[in-house]
Each structure stands twice: as structure tokens, then as C-alpha cells.
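Engineer: quick check, what structure comes out for this input:
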Amino acid sequence: MCAQVPAVLGRIVRLCRRADRRAVRLLLGRQVVTGVPAAGRLTATATAPAPPWSPSSACC
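Structural biologist: Next comes the predicted model:
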């Protein structure tokens, strides 16, 4: 079933492009505009220092 996902997504994209190319471009553009900042925030969160109360930051 998981092997069929790429083929199904490809079929959906082709059908959508035939129906309304402008709407597909707009949707993909909006996904990129919202996805790139979200990825940046996740990266910043992953590289943030540990809080002082975490067990790994015990000094003694």
C-alpha cells in the first residue's frame, strides 16, 4: 500500500493541473512560503541550548 502512494500523488497532481493550473501553482507557492520559515524555526529549536533545569546541564 505504501508503495502506491507516490503513484497516487502523481495522479492527483496531474488531475489538478488539468483542472486549474493557476490554483495548483498558487497552492504550491503558499506551501513553500509557509514551509520554509517553519523548517527554519524547527532547526533553530533543535539547535537551541538545553534549559538550565535539564539533567544534562548538571554542573556538580
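
Engineer: now stretch 34-41: mean pLDDT?
Structural biologist: In this model, stretch 34-41 has a mean pLDDT of 92.

Engineer: got the contact list for that stretch?
Structural biologist: Taking contacts as Cβ atoms under 8 Å, 6 or more residues apart in numbering, no residue outside stretch 34-41 touches it. For glycine as for every other residue, the C-beta is placed from the backbone atoms N, C-alpha and C.

Engineer: how about the CA coordinates for it, as CSV?
Structural biologist: Written as CSV, here are the backbone C-alpha positions of stretch 34-41 (Å, rounded to 0.1, in the frame of the first residue of the first chain):
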residue,chain,number,x,y,z
THR,A,34,4.8,28.7,4.9
GLY,A,35,7.0,25.6,5.0
VAL,A,36,10.4,27.3,4.7
PRO,A,37,10.0,29.5,7.8
ALA,A,38,8.6,26.5,9.7
ALA,A,39,11.7,24.5,8.8
GLY,A,40,13.9,27.4,10.0
ARG,A,41,12.1,27.5,13.3
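
Engineer: what's the residue closest to the geometric middle of the protein?
Structural biologist: In the chain, the centroid-proximal residue (Cα atoms, centre = their mean) is residue 35; its distance is 5.1 Å.

Engineer: and that one, how far from residue 45?
Structural biologist: Counting by Cβ to Cβ, to the nearest Å, the separation of residue 35 from residue 45 is 15 Å.

Engineer: where along the protein do the helices fall?
Structural biologist: In the chain, the segments counted as helices under DSSP state H are 5-19, 21-46.

Engineer: what's the nearest residue to residue 17 if we skip its chain neighbours?
Structural biologist: residue 24 (5.3 Å; Cβ to Cβ, 6 or more residues apart in numbering).

Engineer: that neighbour reaches residue 18, doesn't it?
Structural biologist: No: applying Cβ atoms under 8 Å as the test, residue 24 and residue 18 come out as separate, 9.6 Å apart.
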